[in-house]
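> Provide a 3D model corresponding to the input given below.
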Amino acid sequence: MTMALLRISLAIGFFLAAGLLALRLLGREESDRFWIGRLGFSFGVGLGLDCLGMFYLACLRVRLSLSNIAFLSGGIIVLMALLNCLIPECKARLKRSRCLHRWSWMEFLLAGLAGACALLVLIDAFSQPLLAFDARSIWGMKAKILFFQQGIYGEDFVEPARLHAHQQYPLLLPLAGTFICRSLGQFDDRWGKAIFPCFFVALIFLIYFVLRRYFGRTYSLAGVAMLSSLPILVIFANGNASSGYADFPLSYFLTAFVAALLIWTDSGNSRYLWLASLLGACTAFTKNEGIALWGIAVVTFALLEGLSSPRPIARILHLTLSCTGTLVLLTPWFHLRSQLVLNDENYPALLTLDNVILGIGRVPYLLKAFLREFFLKPHLWNVLGMAVLFVLAVSTFKSWRMRHTALFVIPGFNCLLLVLMFMITPWRVENLVPIALSRLLMHTAPLLLLWLFFQAADLGIVPSDWTKHEEAYTD
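Okay, the predicted model is just below:
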């Protein structure tokens, strides 16, 4: 057991090292002052680089053996180190200081709550192997195939007689599981689940980083505590952070992607668009829904720049270049996906006028289901739904003109897309909605929580001592 933990730590260390080196290419403007932001981004960035690299090797028919994966990971780290030496740093524009605020008892309590939730997720992840069908079919089975066949052209991927469920689902998580199991020297889905608690901790750091850029430490820790204690993330059996489902990793990558775009719109640092390119690719490469969520986020920020930027054409052009980078990274996957047999719902093909008209009769049930999900399930969402409803009720027209409105628009468009999906699905919505809606809303829950805290601060709902930003201090 000790050796297994050591090898898993080494594998995760590769992800962190690659991510930290890649983030340093952004310059020290952000990473020195908000060092915790590096921890929030670095795990996902490093994992994304390694998994995309493994996929490219597999596309070139290079076997995913331990030696090839180790050579790839080492090469990525060396490449990032060389780029850090060759590319000049951004000049820091923010005042630096090593003076620290003394933590209050409230801050210790909030941080302790987040740490306890992270520990619970870690224990739950290692306490049992994969049990749920989607976790086994989307992550476990594909990781096992990649581990033993060491490629993507084996019969279990392309032979119709041996097809498994969700054939066209993206491969980022199975590749990450293969990376962990290669480090272990054997396939073990229990130990392979180590990546999921890491996603949880990384999301905690990421939420804190985004809030801390604008608000005080107490307020930022309150946001972290509220997110980490959401029951749907910690104890929800049908898709929590440790379950092995792809929904929570998708939630992390979408949040990181939107955070990178939000920082770009605020700071003007174009290097965050390169970060957004990679995180956008990871979002789409995690789960099929990631493609739609990536598109929603891009359209939202394009509208934001078009309506509020003094140079809308140039800003939208920069965003378009970032999206082009994402599509280039995903081109091999789209090519492979087009060759795989589709054995699940083909929603683009189902999206016809006739199906939409037939699905109108489902709308009343769907509206009731969404309202019930948000406001009548505190055992899943705690007080998030009621808090959002209250803030919506007291919001002013002026507050909707702030940049953080994008954090609400993306979940809003996602809800509209889910309603459309349930309208055209061939399944009975009475059977599908109760088991799928919670997990699908989990994808944008961190963004909605961020909007809640931004909006509450803008409206002055919370004490000013909590929200004020101490410009002279770092964490």
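> give the next helix or strand downstream of the helix-or-strand element of the chain with minimal mean pLDDT.
Least confident element among the helices and strands of the chain, by mean pLDDT, DSSP states H and E: helix 28-31 (a mean of 48). For helix 28-31, the following helix or strand on the C-terminal side (DSSP states H and E) is helix 35-59.
> report all helices and strands that that next one contacts.
Other helices and strands packing on helix 35-59, by 3 or more C-beta pairs under 8 Å, 6 or more residues apart in numbering; DSSP states H and E, are helix 2-24, helix 28-31, helix 66-86, helix 172-184, helix 195-212, helix 247-267, helix 271-286, helix 312-339. Yep, even glycine has a C-beta here, placed from its N, CA and C like the rest.
> any idea how far residue 216 is from residue 310?
30 Å (C-beta to C-beta, to the nearest Å).
> out of the two, which sits in the more crowded spot?
Per other C-beta atoms under 10 Å, whichever of residue 216 and residue 310 has more neighbours is residue 216, with 22 against 6.
> for that one, phi and psi?
phi -70, psi 170 (degrees, to the nearest 10).
> what do you get for the one 10 residues further on?
For residue 226, the backbone dihedrals are phi -70, psi -40 (criterion: degrees, to the nearest 10).
> can you name the residues that contact the residue nearest to it when sequence neighbours are not counted?
Counting by C-beta to C-beta, 6 or more residues apart in numbering, residue 449 is the residue found nearest to residue 226 once chain neighbours are left out, at 6.4 Å. When contacts are counted by C-beta atoms under 8 Å, 6 or more residues apart in numbering, residue 449 touches 207, 223, 226, 227, 384.
> using TSV, lay out the residues you listed together with neighbour count, pLDDT and distance to residue 118.
Shown next, in TSV, are the contacts of residue 449 (neighbours: other C-beta atoms under 10 Å; pLDDT from 0 to 100; distance: C-beta to C-beta, whole Å):
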residue	neighbour count	pLDDT	distance to residue 118
207	26	95	12
223	25	95	15
226	20	96	14
227	26	96	11
384	20	93	19
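> for residue 267, state which of those is nearest.
Lowest distance from residue 267 to the contacts of residue 449 (C-beta to C-beta) belongs to residue 207, with 18.5 Å.
> what about that closest one, distance to residue 262?
12 Å.
> and what of residue 233?
Taking C-beta to C-beta, one finds residue 233 at 21 Å from residue 262.
> now name the helix or strand holding residue 117.
helix 105-127.
> now the angle between helix 247-267 and that helix, please.
Calculated by axes from the mean of the first three to the mean of the last three C-alpha atoms, to 10 degrees, helix 105-127 forms an angle of 140 degrees with helix 247-267.
> just after helix 105-127, pick out the following helix or strand.
helix 133-134.
> that following helix - contacts with which helices or strands?
On the basis of 3+ C-beta pairs under 8 Å, 6+ apart, helix 133-134 makes packing contacts with no helix or strand.
> what lies in contact with that helix?
165, 166, 239, 245, 246.
> can I get those in CSV with secondary structure, pLDDT and neighbour count?
Output for these, formatted as CSV (DSSP: H, G, I helix; E, B strand; the rest coil; pLDDT from 0 to 100; neighbours: other C-beta atoms under 10 Å):
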residue, secondary structure, pLDDT, neighbour count
165, coil, 66, 13
166, coil, 74, 19
239, coil, 85, 22
245, coil, 91, 24
246, coil, 91, 26
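> next up, phi/psi of the residue nearest to residue 414 when sequence neighbours are not counted, please.
The shortest distance from residue 414 to any residue other than its chain neighbours is 4.9 Å, reached at residue 444 (C-beta to C-beta, 6+ apart). Phi and psi for residue 444, reported as degrees, to the nearest 10, are phi -110, psi 10.
> just to check, residue 444 is in contact with residue 411?
Yes: the pair residue 444 and residue 411 qualifies as a contact (C-beta atoms under 8 Å) at a distance of 3.9 Å.
> more neighbours, the two?
Using other C-beta under 10 Å as the criterion, residue 444 and residue 411 rank with residue 444 on top: 27 against 21.
> return the residues in contact with residue 408.
447, 448, 451, 455.
> where does this protein dip in pLDDT?
Low-confidence segments of the chain, defined by pLDDT under 70: 1, 27-34, 88-101, 160-165, 343-344, 465-475.
> what do you get if the cut-off is 50, keeping everything else the same?
28, 30-33, 92-99, 471-474 (pLDDT under 50).
> residues in contact with stretch 334-353?
59, 152, 157-158, 160, 163, 165-168, 420-421, 424-427.
> so how far is it from its chain's centroid?
23 Å (C-alpha atoms, centre = their mean, to the nearest Å).
> with just CA atoms, put it into PDB.
Below are the C-alpha coordinates for stretch 334-353, written out as PDB (Å, rounded to 0.1, in the frame of the first residue of the first chain):
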ATOM      1  CA  PHE A 334     -12.700  14.600 -34.000                       C
ATOM      2  CA  HIS A 335     -11.200  12.500 -36.800                       C
ATOM      3  CA  LEU A 336     -11.100   9.400 -34.600                       C
ATOM      4  CA  ARG A 337     -14.600  10.000 -33.300                       C
ATOM      5  CA  SER A 338     -16.000  10.200 -36.800                       C
ATOM      6  CA  GLN A 339     -14.700   6.600 -37.400                       C
ATOM      7  CA  LEU A 340     -16.300   5.200 -34.200                       C
ATOM      8  CA  VAL A 341     -19.700   3.500 -34.300                       C
ATOM      9  CA  LEU A 342     -22.400   5.600 -32.500                       C
ATOM     10  CA  ASN A 343     -24.400   3.300 -30.200                       C
ATOM     11  CA  ASP A 344     -26.000   6.100 -28.100                       C
ATOM     12  CA  GLU A 345     -28.300   9.000 -28.700                       C
ATOM     13  CA  ASN A 346     -27.400  11.100 -31.700                       C
ATOM     14  CA  TYR A 347     -28.700  14.500 -30.400                       C
ATOM     15  CA  PRO A 348     -27.600  16.500 -33.400                       C
ATOM     16  CA  ALA A 349     -29.600  14.200 -35.700                       C
ATOM     17  CA  LEU A 350     -32.500  14.200 -33.300                       C
ATOM     18  CA  LEU A 351     -32.600  18.100 -33.400                       C
ATOM     19  CA  THR A 352     -35.300  18.400 -36.000                       C
ATOM     20  CA  LEU A 353     -38.300  20.700 -36.100                       C
END
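> any buried residues in it, and which?
For stretch 334-353, burial by neighbour count (16 or more other C-beta atoms under 10 Å) applies to 336, 337, 347.
> residue 280: which of those residues is nearest?
Using C-beta to C-beta, residue 337 is the member of the buried residues of stretch 334-353 that lies nearest residue 280, at 16.7 Å.
> how much space between that closest one and residue 330?
9 Å.
> list the residues that contact residue 355.
423, 424.
> okay if I get the contacts of residue 449 as CSV plus distance to residue 392?
Compiled in CSV, the contacts of residue 449 are given as follows (distance: C-beta to C-beta, whole Å):
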residue, distance to residue 392
207, 21
223, 18
226, 17
227, 19
384, 12
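> having no further points to raise, I will conclude here.
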